[in-house]
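Enquirer: Output the structure for:
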Amino acid sequence: MEPRNSDYRQVIERGFATANFVQDVGIVLKECGPGWCETTLALQQRHLQQDAVVHAGVLGTMADHTAGACHGG
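Expert: Presented below is the predicted three-dimensional model:
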């Protein structure tokens with residue numbers, strides 16, 4: 001896939017660097033390319049529900065921001 005923007009990497013990195021809530025959660029850009037993006041999260045106690053399962057809000061935020069970043073390329 002050809003990137004729509006030749007600076008796609010910088011656009012995606014800037015999107016992660018300036019997203020305060022994403023940084024607060026701890027979501028990190030691992031790798032990206034034109035039309036795709038991969039992120040990681042080191043799970044901590046604060047990410048878990050009372051039953052020690054990852055909170056859906058954490059997963060939703062990660063999915064939303066990661067998928068949205070794909071459009072930067």
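Enquirer: Helix, strand, or coil at residue 59?
Expert: Three-state call for residue 59 (DSSP: H, G, I helix; E, B strand; the rest coil): helix.
Enquirer: Now do it against residue 33, distance only.
Expert: Computed as CB to CB, to the nearest Å, the residue 59 to residue 33 distance reads 23 Å. The way it works is simple: take the backbone N, C-alpha and C, and place the C-beta from them, glycine included.
Enquirer: What segments of this protein are strands?
Expert: In order along the chain, the chain carries the following strands (DSSP state E): 28-33, 36-40.
Enquirer: tell me which residues of the first one are tucked away?
Expert: Going back to what we said before, that points to strand 28-33. Judged by neighbour count (16 or more other CB atoms under 10 Å), strand 28-33 contains these buried residues: 29, 32.
Enquirer: swap in the last one?
Expert: Applying a neighbour-count criterion of 16+ other CB under 10 Å, the buried positions in strand 36-40 are 37, 39.
Enquirer: from the chain's centre, how far out does that strand sit?
Expert: Remark: strand 36-40 is offset 6 Å from the chain centroid, using CA atoms, centre = their mean, to the nearest Å.
Enquirer: Out of the strands of the chain, which is closest to residue 15?
Expert: For residue 15, the closest of these is strand 28-33, at 8.5 Å, according to CB to CB.
Enquirer: With residue 17 as the reference, measure out to the closest residue in space to residue 67 that isn't next to it in sequence.
Expert: Distances taken as CB to CB, 6 or more residues apart in numbering put residue 37 closest to residue 67, at 7.5 Å, once the chain neighbours are dropped. Separation of residue 37 from residue 17 (CB to CB): 14 Å.
Enquirer: quick one: contacts of the least confident helix or strand in the chain by mean pLDDT?
Expert: Of all the helices and strands that make up the chain, helix 8-17 has the lowest average by mean pLDDT, DSSP states H and E, namely a mean of 92. Outside helix 8-17, the residues that touch it by CB atoms under 8 Å, 6 or more residues apart in numbering are 5, 22-23, 27-29, 32-34, 37, 65, 68-69, 72-73.
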